[in-house]
Each structure stands twice: as structure tokens, then as C-alpha cells.
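Chemist: need a structure here:
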Amino acid sequence: MSKLTFLQEETLRIVKGIKKRNPITAGRLAFSIRLKENPTKEGANIRSIIHALRVKGYPICANGRGYYYAENSLELSEYIAALIGKIVKMQEACDGLGRSYDMVKEVFDEKTTSLF
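Modeler: Below is the predicted model:
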């Protein structure tokens, strides 16, 4: 796996000890790694740090209560399935917005044409 930033290392150190039954909230995690006290890391937030760690292959999962480190393949598989479900829902939203874009464009074209 590729080299980790300081904030990624700190996040991983904490999350590795967190189980699904007692996840850590984003706020508590940010406090634990002193994210707000580190002004040199502007733009960093817990979601982006977690995302980078997942991209690097660390099995960090989440539920409605916070983040946790997958203890086994079942926990990881369940989380991957949940992510895929979110992707499907997001694609449906994008498709719907794409159709509405066509409707908005038609209305815009009609209004623009009537101005001339």
C-alpha cells in the first residue's frame, strides 16, 4: 500500500481498534486526530481522509452511527453491498437530473428565442 499522510496514519491507528458494534463518530474521530488544531491541513476532513484510506485498500466501513474497521469478510462484504446500493441510487438521481436538464434546456431555449 502507498505511503500515508500524518492524518491518515493517525486516523488509521484509531479506527483499526474500532469494532462495528461500537463505531466512532466523525466528530469524535476529528477531535481524536486534532484535525481542527492542524491549520496546515486546510481542506482536510474526516470523509476525505477515510476515502483516501479506503482507496488505498484499508477496510474502513461505516454505518449510521460512525466508522469502524471490518473484522472479517462478511462485514466488509455487507458494507461493499451497501455502497453499491448507494451508487445505484445516485445513478438513478443522475439519470433523472439528466432528463430534467433536457426539459430545462427546452424552456430556456423557448425563452431565449422569444427575446429576439
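Chemist: for the helix of greatest length in the chain, packing partners?
Modeler: Looking across the chain with DSSP state H, the single longest helix is helix 73-115. Helix 73-115 makes packing contacts with strand 60-63 when contacts are defined by 3 or more CB pairs under 8 Å, 6 or more residues apart in numbering; DSSP states H and E. In this view, the C-beta of every residue, glycine as well, is placed from N, C-alpha and C.
Chemist: which strands and helices lie in contact with the strand it packs on?
Modeler: Partner elements for strand 60-63 (3+ CB pairs under 8 Å, 6+ apart): helix 46-55, strand 66-69, helix 73-115.
Chemist: check those for me and report the most buried one.
Modeler: Ranked by mean neighbour count, the helices and strands packed on strand 60-63 are led by strand 66-69 with a mean of 21 (mean count of other CB atoms under 10 Å).
Chemist: quick one, domains of this protein?
Modeler: 1-71, 72-116 (automatic domain parsing).
Chemist: could you redo these as TSV and give each row mean pLDDT?
Modeler: Converted to TSV, these look like this (pLDDT from 0 to 100):
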stretch	mean pLDDT
domain 1-71	89
domain 72-116	83
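Chemist: ramachandran coordinates for Thr5?
Modeler: phi -80, psi 170 (degrees, to the nearest 10).
Chemist: and the gap between Ile84 and Ser100?
Modeler: For Ile84, the distance to Ser100 (CB to CB, to the nearest Å) stands at 25 Å.
Chemist: ignore the last one, Asn72
Modeler: 43 Å.
Chemist: try Leu35
Modeler: 37 Å.
Chemist: give me the nearest residue to the residue most central in space within the chain, chain neighbours excluded.
Modeler: Computing the C-alpha centroid of the chain and ranking residues by CA atoms, centre = their mean puts Arg47 first, at 5.2 Å. Distances taken as CB to CB, 6 or more residues apart in numbering put Ala26 closest to Arg47, at 7.2 Å, once the chain neighbours are dropped.
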